[in-house]
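Peer 1: The amino acid sequence is not available; the structure is as follows:
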């Protein structure tokens, strides 16, 4: 009877170590270590006749190319711009939805949220594919437009930047709605009543109370959409045109078409440099939110 | 709330849900189209369904994806649940901030970056140790690494709003830590574990980019096959696949919702009965 008691705390300590070490080691090995290798390859030299097509070296050729060839800076800027515009559109569509769900009768919240998330559980690729059929020259959208007689000969949206905005917005909408809903749902509604009692118009109450209180949700949602959208590949590849430059697609082509591993690695490293600030921001915001929740529960 | 505001909100909801569902519905409708053109309706036909069922490549790719997704589900849930537990319960340990960064980063990291990074690691490892051979193993490892982070988030947030007094009560009654974990904590986080597993499974079934980077020349997952056939042009067979996926996922979610609803009603009834007994 004494023995297990003495082993108890020891066993607990080992259990604790295991719970931390297992995922920690895995993530260090398969998530962190690869970035060191990407960094090493990005300063290596391309040798196409070897497998893999690189030789270790200390060369800045790949990075020099990224700054000399106007294509790369343009692709980075374009990606950030497209991701920012698409994030703004997603916020404009997602905010009213999240607001309406948060203010719906209590029993409706679950099913309404479920309906927002359900498309996310089906295939991402196939949902983007659906838009090819809708946006093409003789697609559903143009058929409807012709049918109404408003536009006689509408051009195809497919291959334009608008198609990319639409695709990003469509694919990432759940990631915007969920954090917004969480922020709006937590809100103390008596604040709005107080504002109304004091004579504030609904719009004014919204701008001075609801909107500021939902800022954490807005930030969370926007980061969840913006960061992956910058490096998005499938959407610009399937919906965008040949002339739309996005950095995720450039990386893909460098790697798979040109087999230029050092340049592809350098492209990835610079993308990381651009994204590291929003990623750290995202992680901080998430940690803060969780400690706040824990404080409220404890 | 005034009538005008609620009409506006209703409009926003209707617009949002139409935006989400019209593309999916259009895909389903055109899977029964006679014409090979996905955009022109030429009458009802099951011919694309017939071609889909006879498509051996598609079945083989689906089977590979399914096996990877199942393995991924279990390993990612184990790793993710441990990570989520560590983050929620151990406020201080060496390297905790790096650890939480390693969990947060895969959630938003563009997949092309993770894809190239994982592949380069596998190439270096294979050089040094002869392992792993590219294919099933490498795809599974890449999938586990990023889906474990999603599982960790689910478990961590479940544990964050978790009533610890139950565990304390068990502890006060003399239960050992492991017994407390097994009899109190585990049953309470079991639903979160199930959703974590399902999320990991789905993420794996869905991924094309990581697979494209880490797969060997012989292995092709279902999304890889879909991607290459979509690049060649629209094909009604993809609409058939979409219809199947939407039907399976949709009925699973409705079923899960109904089961959860029933369990809640049962609990309420039990609580009511218990209150009457005492």
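Peer 2: Structure received. Since we're looking at a predicted model, the values are computed, not measured.

Peer 1: Quick check: closest non-adjacent residue to the spatially most central residue of chain B.
Peer 2: Centroid-nearest residue in chain B: residue B:199, 2.2 Å away (criterion: Cα atoms, centre = their mean). In this structure, residue B:199 finds its nearest non-sequential neighbour in residue B:150, 5.4 Å apart by Cβ to Cβ, 6 or more residues apart in numbering or on different chains. In this view, the C-beta of every residue, glycine as well, is placed from N, C-alpha and C.

Peer 1: Can you pull out the low-pLDDT segments for chain B?
Peer 2: B:1-2, B:38-39, B:278 (pLDDT under 70).

Peer 1: in it, what residue is nearest chain A?
Peer 2: Nearest to chain A in chain B, going by Cβ to the nearest Cβ, is residue B:110, at a distance of 2.2 Å.

Peer 1: Residue A:252 versus that residue, what's the distance?
Peer 2: From residue B:110 across to residue A:252, the span is 11 Å (Cβ to Cβ, to the nearest Å).

Peer 1: and for these two, which residues touch both?
Peer 2: residue A:233 (Cβ atoms under 8 Å, 6 or more residues apart in numbering or on different chains).

Peer 1: How confident was the prediction at the residue nearest to residue B:9 when sequence neighbours are not counted?
Peer 2: Take residue B:9 and drop its neighbours on the chain: the residue closest to it by Cβ to Cβ, 6+ apart is residue A:100, 3.9 Å away. On pLDDT, residue A:100 comes in at 94.

Peer 1: Could I get the buried residue list for the helix or strand harbouring residue A:100?
Peer 2: If you go by DSSP states H and E, residue A:100 is part of helix A:71-102. Buried residues in helix A:71-102, defined by neighbour count with 16 or more other Cβ atoms under 10 Å in any protein chain shown: A:72, A:75-76, A:78-80, A:82-83, A:85-87, A:89-91, A:93-102.

Peer 1: Which helix or strand lies directly C-terminal to whichever strand or helix holds residue A:166?
Peer 2: Taking DSSP H and E as the criterion, residue A:166 maps to helix A:161-186. Of the helices and strands lying after helix A:161-186 in sequence (DSSP H and E), the nearest is helix A:190-197.

Peer 1: Identify each buried residue in that following helix, please.
Peer 2: Applying 16+ other Cβ under 10 Å to helix A:190-197 flags A:192, A:195 as buried.

Peer 1: Tell me the gap between that helix and the middle of its chain.
Peer 2: Distance, stretch centre to chain centre, for helix A:190-197: 35 Å (Cα atoms, centre = their mean, to the nearest Å).

Peer 1: again with stretch A:70-87
Peer 2: Centre to centre, stretch against its chain (Cα atoms, centre = their mean), the figure for stretch A:70-87 is 15 Å.

Peer 1: outside of that stretch, which residues touch it?
Peer 2: A:65-67, A:161, A:164-165, A:168-169, A:172, A:222, A:225-226, A:229-232, A:236, A:244-250, A:267, A:270-271, A:274.

Peer 1: Could you list which of those also contact chain B?
Peer 2: A:230-232, A:248, A:271 (Cβ under 8 Å from any Cβ of the partner chain).

Peer 1: Name the residues of the stretch 151-298 of chain A found near chain B, please.
Peer 2: So the stretch 151-298 of chain A meets chain B at A:170, A:173, A:202, A:223-224, A:227-228, A:230-234, A:237-238, A:248, A:251-252, A:255-256, A:261, A:264-265, A:268, A:271-272, A:275, A:278-280, A:282-283, A:286-287, A:290, A:293-294, A:297-298 (Cβ under 8 Å from any Cβ).

Peer 1: rerun that using 6 Å as the cut-off
Peer 2: Residues of the stretch 151-298 of chain A found near chain B (Cβ under 6 Å from any Cβ of the partner chain) are A:227-228, A:231, A:233, A:248, A:251, A:264, A:268, A:279, A:282-283, A:286, A:290, A:293-294, A:297.

Peer 1: ok, for residue B:202, nearest residue in space, not its chain neighbours?
Peer 2: Once flanking residues are discounted, residue B:202 sits nearest to residue A:121: 5.6 Å by Cβ to Cβ, 6+ apart.

Peer 1: What residues does the stretch 1-150 of chain A have near chain B?
Peer 2: A:8, A:12, A:19-20, A:22-24, A:26-27, A:30-31, A:34-35, A:37-38, A:41, A:52, A:96-97, A:100, A:118-119, A:121-126, A:129-130, A:132-134, A:138-140.

Peer 1: Now for residue B:105, how many residues are close by?
Peer 2: Residue B:105 has 25 neighbours, counted by other Cβ atoms under 10 Å in any protein chain shown.

Peer 1: Contacts only, for it.
Peer 2: By Cβ atoms under 6 Å, 6 or more residues apart in numbering or on different chains, the contact list for residue B:105 reads residue A:279.

Peer 1: From residue A:174, how far off is it?
Peer 2: For residue B:105, the distance to residue A:174 - Cβ to Cβ - is 20 Å.

Peer 1: same check, this time on residue B:227
Peer 2: 22 Å.

Peer 1: Now whatever residue of chain A ends up closest to chain B. Nearest residue, chain neighbours left out?
Peer 2: In chain A, no residue comes nearer to chain B than residue A:231, which is 2.2 Å away by Cβ to the nearest Cβ. Spatial nearest neighbour of residue A:231, excluding adjacent residues (Cβ to Cβ, 6+ apart): residue B:110 at 2.2 Å.

Peer 1: residues in contact with residue A:58?
Peer 2: Contact analysis of residue A:58 by Cβ under 6 Å, 6+ apart lists residue A:43.

Peer 1: isn't there a helix covering it?
Peer 2: No. Assignment of residue A:58 by DSSP: H, G, I helix; E, B strand; the rest coil gives coil, placing it outside any helix.

Peer 1: pLDDT value on it, please?
Peer 2: What the model reports as pLDDT for residue A:58 is 88.

Peer 1: what do you get for the one 10 residues further on?
Peer 2: Reading off the per-residue confidence, residue A:68 sits at a pLDDT of 93.

Peer 1: And residue A:136, how close does it get to residue B:166?
Peer 2: 57 Å.

Peer 1: Show me the shaky parts of the stretch 101-250 of chain A.
Peer 2: For the stretch 101-250 of chain A, no stretch has pLDDT under 70.

Peer 1: Got the domain ranges for chain B?
Peer 2: Residue ranges for each domain of chain B read B:51-233, B:235-278, as given by automatic domain parsing.

Peer 1: of the ones you listed, which approaches residue A:106 most closely?
Peer 2: Evaluated over the domains of chain B, closeness to residue A:106 peaks at domain B:235-278, with 13.3 Å, by Cβ to Cβ.

Peer 1: quick one: that closest one to chain centroid distance?
Peer 2: On Cα atoms, centre = their mean, the centre of domain B:235-278 falls 16 Å from the chain's centre.

Peer 1: same thing with stretch B:171-185?
Peer 2: 31 Å.

Peer 1: Stretch A:224-234 now?
Peer 2: Relative to its chain's centre, stretch A:224-234 lies at 5 Å (Cα atoms, centre = their mean).

Peer 1: Contacts for it, please.
Peer 2: A:79, A:83, A:86-87, A:90, A:128, A:168, A:172, A:175-176, A:248-249, A:252, A:271, A:275, A:278, B:108, B:110, B:112.

Peer 1: Kind regards, and thank you for your time.
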